[in-house]
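>>> Whatever this is, show me its structure:
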Amino acid sequence: MIPDPRGTPAPGAGDKFDDEHYPAYTMGRAAEMLGTTPGFLRSLDEAKLIEPQRSAGGHRRYSRYQLRLAARVRELVDQGTGLDAACRIVTLEDQLHEAQRLNAALRQHD
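Numbers count the residues shown, from 1 in each chain. Model prediction:
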């Protein structure tokens, strides 16, 4: 599973709008936004790509960060890539992006 690089949670409600890791979207809304089915989102959870948070009632809640990953997997699957391979590709892409971000930050401190 891709680690969720959260910072300290922001105390104000307005800060949640800017927090890409805030679980703001229900499964139905997330599926609608991605143009896919709830089953596709469940398959990403089963594949351990994303692990949505759960509401008090046990319903899955997705963040914008998770939806971006899901959208990329869907793009790859639509191009003919198998789900497992697409999840692995997205994981590696995300790890590369994070490594590049960290390298850039380290260069700024030199």
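>>> In the chain, spot the helix with the most residues.
Ranked by residue count and defined by DSSP state H, the top helix of the chain is helix 83-109.
>>> Quick one: list the elements packing against it.
The contact analysis (3 or more C-beta pairs under 8 Å, 6 or more residues apart in numbering; DSSP states H and E) places helix 83-109 against helix 64-78. From N, CA and C alone the C-beta is placed, and that goes for glycine too.
>>> What mean pLDDT does the helix it packs on get?
Averaged across helix 64-78, pLDDT comes to 97.
>>> Show me which residues of that helix are buried.
With burial defined by 16 or more other C-beta atoms under 10 Å, the residues of helix 64-78 counted as buried are 65-67, 69-70, 72-74, 76-77.
>>> same thing with stretch 79-89?
Under 16+ other C-beta under 10 Å, the buried positions of stretch 79-89 are 81, 83, 86-88.
>>> For it, what is the distance to the chain centroid?
On the basis of C-alpha atoms, centre = their mean, to the nearest Å, stretch 79-89 sits 15 Å off its chain's mean C-alpha point.
>>> So, low pLDDT: which residues of this structure?
Along the chain, the parts satisfying pLDDT under 70 run over 1-14.
>>> Let me see the contact set for the spatially most central residue of it.
What sits nearest the mean C-alpha location of the chain, by C-alpha atoms, centre = their mean, is residue 66, with 1.6 Å. Residues counted as contacts of residue 66 (C-beta atoms under 8 Å, 6 or more residues apart in numbering) are 30, 50, 52.
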